[in-house]
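*Asks:* Need a 3D model of the sequence below.
(one chain, ligands or ions: 1)
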Amino acid sequence: MAAQAVQVENLRKRYGDVQALDGLSFEVRPNEIFGLVGPNGAGKTTTLRTLATLLNKDDGTVTVAGHDVDSDPDAVRRAIRYLPEDAGAYESMSGRQFLTFVADFYAQGERAEAMVDRGVEIADLGDRIDDDTQAYSKGMTRKLLIGSALMTDPNLAILDEPTSGLDVQNSKAVREVVKGFPDDERSILLSSHDMLEVEYLCDRVGLLNDGAIVTSGSPEELMAEYDAENLEDVFLEVVA
Ligand SMILES: Nc1ncnc2c1ncn2[C@@H]1O[C@H](COP(=O)(O)OP(=O)(O)OP(=O)(O)O)[C@@H](O)[C@H]1O
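*Replies:* Modelled structure (predicted):
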């Protein structure tokens, strides 16, 4: 059986006096979009950064695509792409040059060119792909970064607020790309404050509060469990 895309068990992380993660456990399965949702300060970014090997945990076990973040961080880095909420592109490069720059880390020759073509397609910036990224709006930069994250076909794409800063039309376009991404070897872990988005995109959701998962399941299961009409009501009930 294929390894889980993500397996997190009893994850703990403290910053000074703040217990940011307090025994967090969840899994992301192959071919799945998993949404991590929770109020401000619940520990979402801390979790995503730990999975991305950017932050050391205090305790617990974390494996990504079957690789342990402590014993094999390089394999984890090869298996993932992480898009932070506040990520920017490199300045003094066009969008296409940026995609080429990223693709060169992952492939050579025709494979790299095909990656860039895919990135250009996902970013969907038309002629503006050849403009300097310094001249991009926030939304254009976000689309470029989504293209750059997904074009390399990671086993796991970790997307922090994927549609942050995007207008309605562009949010919809990005959601369609995200929705079509998973297959048996590719999964998505995302965090979002937009419950409509989470309900539409995610196969399963983990509701995080005070550094632990309070409940998880498909949006339908959670709505049934809390006798709610939508995920927003589930969320409000859980964090009340
Ligand atoms: N570098 C840091 N130093 C000290 N405390 C931190 C640091 N980073 C996060 N924290 C604290 O850890 C807790 C979890 O923060 P985290 O950013 O993971 O939450 P979040 O769920 O991503 O929040 P948001 O929805 O507001 O982005 C919060 O109490 C936060 O203040």
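*Asks:* could you measure residue 125 against the ligand, distance?
*Replies:* To the ligand, residue 125 is 27 Å away according to CB to the nearest ligand atom, to the nearest Å. (C-beta placed from N, C-alpha, C; glycine too.)
*Asks:* For residue 133, which residues are in contact?
*Replies:* 89-91, 93-95, 98, 141, 144 (CB atoms under 8 Å, 6 or more residues apart in numbering).
*Asks:* Once you drop chain neighbours, what's closest to it?
*Replies:* Counting by CB to CB, 6 or more residues apart in numbering, residue 89 is the residue found nearest to residue 133 once chain neighbours are left out, at 4.2 Å.
*Asks:* and that neighbour, which of the three is it?
*Replies:* Counting by DSSP: H, G, I helix; E, B strand; the rest coil, the backbone at residue 89 sits in coil.
*Asks:* So it sits against residue 141, correct?
*Replies:* Yes - between residue 89 and residue 141 there is a contact under CB atoms under 8 Å: 5.5 Å.
*Asks:* that older thread, burial check on the residue nearest to residue 133, number of neighbours?
*Replies:* By other CB atoms under 10 Å, the residues close to residue 89 number 22.
*Asks:* Quick check on it: phi, psi?
*Replies:* Here is the backbone geometry of residue 89 (degrees, to the nearest 10): phi -100, psi 170.
*Asks:* if you go through this protein in chain order, where are the strands?
*Replies:* Counting by DSSP state E, the chain has strands at residues 6-15, 18-28, 33-37, 59-64, 67-68, 80-83, 156-160, 187-191, 204-209, 212-217.
*Asks:* Who are the packing partners of the helix ranked longest in the chain?
*Replies:* Selection of the longest helix in the chain by residue count, based on DSSP state H, yields helix 109-123. With contacts defined as 3 or more CB pairs under 8 Å, 6 or more residues apart in numbering; DSSP states H and E, helix 109-123 has these neighbours: helix 95-106, helix 138-150.
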